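>>> Next comes the sequence, and after it the predicted model I'd like to discuss.
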Amino acid sequence: MKGVVPVDTGKLRDSIEAQKVGTGYTVGPRGVDYAIYVENGTSRSPAQPYVAPTIQWARQEGPKRIARRIEGEIS
């Protein structure tokens, strides 16, 4: 996500962090009130998605990476 977020000042990029929730993690911007407007756009600014493309990438690549990791441990 940090690699695809648009950067102006770097504040949004630097706010992206992983947070443990129960047995899993959530990842995203924390404490930046304009993050949603960057992702979805406004009437004066076009959308610059960075969360949705990252989720899509993770859904496609995540299982492959996990399988390779497991295969490496089993071999």
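Looks like it came in fine.

>>> Quick check: nearest residue in space to Pro49, chain neighbours excluded?
Glu39 (5.6 Å; Cβ to Cβ, 6 or more residues apart in numbering). The C-beta positions use only the backbone N, C-alpha and C, and glycine is treated the same way.

>>> Wasn't the one you found part of a helix?
Yes: applying DSSP: H, G, I helix; E, B strand; the rest coil, one finds Glu39 inside a helix.

>>> Tell me which stretches of this protein form helices.
Applying DSSP state H to the chain gives helices spanning 11-15, 35-40, 51-74.

>>> Of those, give the one that comes closest to Tyr25.
helix 51-74 (11.8 Å; Cβ to Cβ).

>>> Just the pLDDT at the nearest residue to Pro53 once chain neighbours are set aside, thanks.
Spatially, and ignoring its direct neighbours in sequence, Pro53 is nearest to Val4 (6.0 Å; Cβ to Cβ, 6+ apart). Predicted confidence (pLDDT) at Val4: the value is 94.

>>> Val4 against Tyr50, yeah?
Yes: if you go by Cβ atoms under 8 Å, Val4 and Tyr50 touch, sitting 4.9 Å apart.

>>> ok, so what distance separates Asp33 from Leu12?
10 Å (Cβ to Cβ, to the nearest Å).

>>> My error: substitute Tyr25 in the last question.
Using Cβ to Cβ, we find Tyr25 at a distance of 19 Å from Leu12.

>>> And these two? Which one has more around it.
Leu12 (20 against 10; other Cβ atoms under 10 Å).

>>> Report the contact partners of that one.
Contacts for Leu12 (Cβ atoms under 8 Å, 6 or more residues apart in numbering) come out as Val5, Pro6, Pro29, Val32, Tyr34, Ala35, Val38.

>>> now, among those, which is nearest to Pro63?
Using Cβ to Cβ, the contacts of Leu12 come closest to Pro63 at Val5, 23.9 Å.

>>> I'd like to know which helix or strand in this protein has the lowest mean pLDDT.
helix 51-74 (a mean of 86; mean pLDDT, DSSP states H and E).
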